[in-house]
Structures are given as structure tokens and as C-alpha cells.
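1. Fold the following for me, if possible:
(one chain, ligands or ions: 1)
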Amino acid sequence: MKRATLYLHIPYCKQACHYCDFHFSTVRSTENEVVERMLGELAEGQSSWSEFEFSSLYFGGGTPSILAPELLERFITQASTLYNLREDAEITLEVNPDDITPEQLAEWYRIGINRLSVGLQSFDDGELAMMNRAHHARHSLQCLQWISESPFENYTVDLIYGIPDSTVESWKEQLHTLASFRPPHLSCYALTVEEKTVLHHQVKTGEVSLPTDDIIVKQFEALCQWANDHGYAHYELSNFAQPGMQSRHNSHYWTGAPYLGIGPGAHSFDSTSRWWNISNNALYAKCANPTEELLSSQDILNERLMVRLRTAAGFCWENDFPDELGRAVRFVLEREVARAVVKGELVTKETGFAIPTERWMESDRIIAQLFLY
Ligand code: SF4
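-> Coordinates of the predicted model:
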């Protein structure tokens, strides 16, 4: 049976973080209609995905933890009734620290959630306020304590580095605080300035200034060293796991395998086409007609290069090079790979090639050189 993964986008948040360009709304007046439409979309997709086995279900957003557990349970029941969702499926809920209480944790666990993704971002009140996060440093500490006392053994923590006014030392402080909780999995992202965000305006007007590239690189290096010292495998550019705790859901994306996305703004991919829903809650609730794009085998190769080369495993000629592409194309790519190897930007492996970990911060540039146009 072919493998796939299921993503449910819950498009509501308490307040807008200044750096965020995901699809969400702070107005929840459309919630009932959107939930019903999402349940309908799940039902409509059943026949097209009947040959797939789903190894994971992921509630992302937005902030899915603001949804009532009964609604989350309806989605899980609907998905496991209509789809071949494995009995041991990884079922992840993105949660914000201020939504976590011992009672909520017990409820989430009871309805079948078996992994949490905690949008912690920082242990520093000044940084959290600068990003306009809805929680405070005390929530960051308290929620990790409560999770450690709950039945959840599998969870991941998100942290952000490269925050305005942060230094290498202040970032090391963050990691030092995290060390006492030793989460099974960690995702760390450099703060990026996306257009049309408040952060973009603040940077443009000089209201805030980002750390220099040199500081950001040193923060990344400090992170890699800390993770190594604390027993984490650095298995993807931004992701670190204790042994056996890699994210099944995200690892699936990084193989370039099919996925089904449900909800406003959600994307899907079935190996040949990609389609996405409108990023507007009211319009989505009325009709979930997606926009579709047929992908050429060249597009698919470029996407695989993009995701595979951010992983420690790297690109595998046998699994990742599309069958439809001929020898001539492979020859061109092999030549580019050989050039990059000479420059130290790639290393060859038994089955393919990868970017050496110390060059991962340059991965966008290195990968772009390999794209076929
Ligand atoms: S909570 Fe997450 S999705 Fe919502 S605004 Fe903040 S970063 Fe964006």
C-alpha cells in the first residue's frame, strides 16, 4: 500500500505574532462553518485516497490547541473511520504554552493525541513581547513542567533564534534553560522577515534591528554543539531528535511522498499534482474548490532536491531521481554535484550526496545551483 500523511489546518489564533505569514485569523466567528466544511472535505477526499495508508495525522495552524477537544476528537474519529489511518499513527497537536493545563493535557491524551508540538519560541519575556506572542516566560517554563508530569512521552519544542537584540550568549541561555527539560525533539528556526508582516515594517522603519549574519551563524553553531552535547541527532536543518524520536510526519514530507491537506490554505500533493485551498476562512467555508498545478518530473526533482538536501540522509539517486527523467538529465545533475563536491558544498555518500552539516546554513544557495530549469 502507498504511504501518505494527513494535515489538518486550524486557522485561528488568539493574537497575531509579528513575524507570522501563515494563514490564520484572530476572529473566530467562522469557526463552526469551517470545521463542518473541513469534515466535509475529509469525507469527499476518501475515495481518491483509499489506496493510501496514513502513518500520521497532524493538527497545525493557526493554533489548533484553541479548538475544543471535542472538535479535535471529531476530526480524529472522522479520519480513522474514512481513511486507512494506521493504528499506531503519530497524531500531533500544535499547542501554544498558554493553552496548556494539566486538565487539557489529560483531555488531549484521552482523545488520541500522542504527540505535542509546543510553540514555545523563547523563555524570555522581552523576546516574547517583541514577537507579540500570546504567552509569557512563566508559561514556557510551566508548560514543560506539566508536560513532563503528563502521559505525553513524545513531544517537540519550537525555539526561535536570530531574534532582534539577541546575542550568542542570550541564545545559549535559552538552550541552557531548555536543557533541564531535555525534550525528546527540538525544532529551531532562524527568525525570518516575511513581507507584509509587522516585523517587516518594523525592520524597514528601523524600529527593530536583526542580529548580524555573523551572530546568527554563531547562534546556529552554538545550537548544533549544544544538541550534540545533549544527545540529539541533527537529522534536518532545523530539527533535532533524541534516539528514535524523529518526527514521523515531517520526515514523510522530506521524502517527497504524497500528503493530503484539509482546511483553508492547506496544500496537498499526490506524486504528480499539487493543489491548495483558498486562504480565506469565509470563502473556504462556502466552497473548498482548490487550485491545482500539474507538476513536471523536473519540478518534482527540484522539490526533492530542496527537501532531501536539508536532511542528514541527503539525496538518494535510486529513490529520489524521478523515473521519467532520462540519463541526459542525470548526467547534467551529476556534473553539477561533482562541481559542488570540489567546493566542499556537497559530500558524496554510498547512495547519493548530501550537504555537510557545517554548510547547512548555506543550503538555499547550494540547492538552487542544482535546480534544473
Ligand atoms: S500562534 Fe503561530 S500561527 Fe498564530 S500568529 Fe503566532 S506564529 Fe502565527
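
2. which residues touch the residue nearest to the spatial centre of the chain?
-> Centroid check for the chain by CA atoms, centre = their mean gives Asn250 as the closest residue, at 6.4 Å. For Asn250, the contact set (CB atoms under 8 Å, 6 or more residues apart in numbering) comprises Glu236, Asn239. Just so you know, the C-beta spots here come from the backbone N, C-alpha and C atoms, and that holds for glycine as well.

3. Report the rounded mean pLDDT for the helix or strand hosting it.
-> Element membership of Asn250 [criterion: DSSP states H and E] is helix 248-253. Averaged over helix 248-253, pLDDT sits at 95.

4. from the middle of its chain, how far away would the helix or strand just after it be?
-> Heading C-terminal from helix 248-253, the first helix or strand you meet, by DSSP H and E, is strand 259-262. For strand 259-262, the separation from the chain centroid amounts to 14 Å (computed by CA atoms, centre = their mean, to the nearest Å).

5. go on, stretch 124-142?
-> 21 Å.

6. distance of Arg37 from Glu31?
-> Applying CB to CB, to the nearest Å, the value for Arg37 to Glu31 is 11 Å.

7. All the helices of the protein, in order from the start?
-> 31-45, 69-82, 102-110, 125-130, 137-148, 168-179, 198-205, 213-229, 248-253, 281-286, 297-308, 317-320, 327-342, 363-368 (DSSP state H).

8. what's the last one in contact with?
-> With contacts defined as CB under 8 Å, 6+ apart, helix 363-368 is touched by Leu237, Leu305, Met306, Leu309, Arg310, Ala340, Glu345, Leu346, Ile355, Arg359.

9. Just give me the closest of those residues to Thr167.
-> Distance to Thr167 across the contacts of helix 363-368 (CB to CB) is lowest for Leu237, with 22.3 Å.

10. Grab the nearest non-local neighbour of the closest one.
-> Ranked by CB to CB, 6 or more residues apart in numbering and with sequence neighbours excluded, the top spatial neighbour of Leu237 is Arg310, at 4.3 Å.

11. so that neighbour touches Glu236, yeah?
-> Yes. With contact defined as CB atoms under 8 Å, Arg310 counts as touching Glu236 (5.6 Å).

12. What is the burial count for Cys188?
-> 25 (other CB atoms under 10 Å).

13. Report the contact partners of it.
-> Asp158, Leu159, Ile160, Tyr161, Leu223, Ser238, Phe240.

14. burial of the third one, as a residue count?
-> The burial count assigned to Ile160 is 24, neighbours taken as other CB under 10 Å.

15. Tell me what it is bridged to.
-> Judged by DSSP bridges, the bridge partners of Ile160 are Tyr189.

16. Check the last one too.
-> For Phe240, the beta-bridge partners are Leu186, His234 (DSSP bridges).

17. distance of it from Tyr189?
-> 12 Å.

18. Could you find the closest non-adjacent residue to the residue of the stretch 251-373 of the chain found nearest the ligand?
-> Relative to the ligand, the nearest point of the stretch 251-373 of the chain is Gly265 (10.8 Å; CB to the nearest ligand atom). Once flanking residues are discounted, Gly265 sits nearest to His23: 3.4 Å by CB to CB, 6+ apart.

19. ok, that neighbour - contacts?
-> Contacts of His23 by CB under 8 Å, 6+ apart are His9, Pro11, Gly62, Pro264, Gly265, Ser279.

20. Count the residues that sit near Gly244.
-> Gly244 has 8 neighbouring residues, counting by other CB under 10 Å.
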